[in-house]
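Colleague: this is a predicted model, with the sequence first.
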Amino acid sequence: MRVCKHVSRADQNGTPILMDIRRLKSFIVIVDSGSITRAADLLHIAQPALSQQLAALEEHFGHKLLIRSQQGVSMTDAGHAVYRHAQIILRQMEQAQADASAAGNSLAGRVSVGLVPFSSAATLSVDLLAETRKRHPGILLHLTESVGQTYSQMIMNGRLEMALLHGTGPIKGVRFEPILSEEFFLVAHRDFAIEADAKPVPINALDGIPLLLPPAYNFVRRAVDTAFTRTRTNLKVVAEVEIVRTLARAVGSGLGATIMPKAIADRIVSESSEPLICRLVSPRIEETLSLCVSDQNPLSEPALAVRDILLELTARLKN
């Protein structure tokens with residue numbers, strides 16, 4: 001893409017000050033990599049030249065954007081604001097280029113989507129890729145399935161355009177559209193002597209049973225913690241696992257039981273070579289899966305097309 005200039009303010013004489021879009025891109029890379037040295041390597045430019053670009057940005061905005069330390073760089077309040085707008089500006093430039101190239105033809109451009117792990121959303125990734133490729137081959141779909149990052153924050157920062165996640169908000173800067181409610185199921189090896197029964201298993205019957213769950217910051221884990229606390233049941237977590245395939249193998253090996261949304265529980269059962277017990281728990285644990293988008297920046301035409309496909313796929317889950 002050709003380098004463009006962005007007019008953003010004027011000097012004291014009213015003369016426009018032009019800012020190279022490349023400086024915004026460099027700033028994003030510095031923040032994402034956490035170090036000017038690493039960013040210089042990624043961008044294939046000399047570190048002094050990159051430092052000059054950063055200094056020019058700080059002079060342009062009249063604020064210090066980054067704080068340097070031995071551990072790397074961290075953003076100031078002004079830096080957070082510039083980072084958010086830089087993401088939006090660069091995405092708009094990329095979309096403008098894609099729209100111009102595809103003028104009169106099919107939709108084109110990059111669309112970034114977050115799918116929260118340990119949920120029905122995580123089961124949609126391949127279907128979303130296939131349907132998008134089939135209907136809109138000009139769209140470059142970027143999928144993220146990360147446990148350690150906050151999708152709502154990534155949407156506000158412009159790193160994601162939409163996400164399927166647990167919760168209904170409210171969170172300032174994003175809008176939630178509830179899609180479906182997910183029920184949680186216990187999955188356990190038969191060695192745990194839990195009967196195969198259509199009735200829900202009482203949570204207090206799970207007192208002291210070794211459980212394999214995601215870390216405490218995960219939405220699924222918080223829901224399980226809350227349910228056990230409310231029933232005054234001892235929650236015995238013997239390992240924290242963030243990889244579904246590893247979790248399935250561990251449960252199948254009898255290392256521990258787990259409590260997961262139905263889609264993940266079904267996947268664990270299907271991937272296991274051992275017979276597993278899969279039952280609802282009582283009181284029921286339920287969480288809402290919502291589509292989250294920015295309430296400040298409208299979706300591009302390609303993003304709207306991907307959103308429509310995503311809603312179609314989630315509608316199938318309800319059935």
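Modeller: That came through, no problem. Residues are numbered from 1 along each chain as shown.
Colleague: show me this structure divided up by domain.
Modeller: Following the TED database, the chain resolves into domains at 21-82, 107-179+288-317, 181-286.
Colleague: for residue 88, which of those domains is the nearest?
Modeller: Closest of those to residue 88 is domain 107-179+288-317, at 4.4 Å (criterion: Cβ to Cβ). C-beta here means a position set from N, CA and C on the backbone, and glycine is covered the same way.
Colleague: three-state assignment of residue 113?
Modeller: strand (DSSP: H, G, I helix; E, B strand; the rest coil).
Colleague: likewise residue 205?
Modeller: Classification of residue 205 by three-state DSSP places it in helix.
Colleague: quick one: pLDDT of the nearest residue to it once chain neighbours are set aside?
Modeller: Residue nearest to residue 205 in three dimensions, not counting chain neighbours: residue 194, with 8.0 Å by Cβ to Cβ, 6 or more residues apart in numbering. In this model, residue 194 is scored at 86, pLDDT.
Colleague: what sits against residue 194?
Modeller: 186, 188, 201, 205, 257, 277, 279 (Cβ atoms under 8 Å, 6 or more residues apart in numbering).
Colleague: sorry, back to before: need the domains of the chain in CSV (columns: distance to residue 88).
Modeller: Listed next are the domains of the chain as CSV, based on distance: least, Cβ to Cβ, whole Å:
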stretch, distance to residue 88
domain 21-82, 10
domain 107-179+288-317, 4
domain 181-286, 27
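Colleague: out of the ones you listed, flag the one nearest residue 97.
Modeller: The nearest among the domains of the chain, by Cβ to Cβ, is domain 107-179+288-317 at 8.5 Å.
Colleague: so how far is the closest one from its chain's centroid?
Modeller: Mean-position distance between domain 107-179+288-317 and its chain equals 8 Å (Cα atoms, centre = their mean, to the nearest Å).
Colleague: give the rounded mean pLDDT of it.
Modeller: In this model, domain 107-179+288-317 has an average pLDDT of 89.
Colleague: thinking again about what came up before, buried ones among the contacts of residue 194?
Modeller: 186, 188, 201, 257, 277, 279 (16 or more other Cβ atoms under 10 Å).
Colleague: one step back: ok, which of the domains of the chain comes nearest residue 92?
Modeller: domain 107-179+288-317 (8.3 Å).
Colleague: distance check, residue 219 against residue 261.
Modeller: From residue 219 over to residue 261 the distance is 10 Å, taken as Cβ to Cβ, to the nearest Å.
Colleague: and for those two, which residues touch both?
Modeller: 118, 287.
Colleague: contact partners of stretch 270-281?
Modeller: With contact meaning Cβ under 8 Å, 6+ apart, stretch 270-281 is reached by 183-190, 192, 194-203, 206, 227, 245, 248-249, 251-254, 259, 265-266, 268-269.
Colleague: just the buried residues of the residues you listed.
Modeller: For the contacts of stretch 270-281, buried by 16+ other Cβ under 10 Å: 184-189, 194, 201, 203, 206, 227, 248-249, 251-252, 259, 265-266, 268-269.
Colleague: in stretch 24-40, what's buried?
Modeller: For stretch 24-40, a neighbour-count test (16+ other Cβ under 10 Å) marks 24-31, 33, 35-36, 38-40 as buried.
Colleague: can I get those residues in JSON lines with secondary structure and pLDDT?
Modeller: Conversion of the buried residues of stretch 24-40 to JSON lines gives the following (DSSP: H, G, I helix; E, B strand; the rest coil; pLDDT from 0 to 100):
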{"residue": "24", "secondary structure": "helix", "pLDDT": "87"}
{"residue": "25", "secondary structure": "helix", "pLDDT": "86"}
{"residue": "26", "secondary structure": "helix", "pLDDT": "88"}
{"residue": "27", "secondary structure": "helix", "pLDDT": "87"}
{"residue": "28", "secondary structure": "helix", "pLDDT": "88"}
{"residue": "29", "secondary structure": "helix", "pLDDT": "89"}
{"residue": "30", "secondary structure": "helix", "pLDDT": "90"}
{"residue": "31", "secondary structure": "helix", "pLDDT": "89"}
{"residue": "33", "secondary structure": "helix", "pLDDT": "88"}
{"residue": "35", "secondary structure": "coil", "pLDDT": "86"}
{"residue": "36", "secondary structure": "helix", "pLDDT": "87"}
{"residue": "38", "secondary structure": "helix", "pLDDT": "87"}
{"residue": "39", "secondary structure": "helix", "pLDDT": "88"}
{"residue": "40", "secondary structure": "helix", "pLDDT": "87"}
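Colleague: and the closest residue to residue 177 other than its chain neighbours, what are its bridge partners?
Modeller: Of all residues not flanking residue 177 in the chain, residue 291 sits nearest, at 4.4 Å (Cβ to Cβ, 6+ apart). Beta-bridge partners for residue 291, by DSSP bridges, are residue 164, residue 177.
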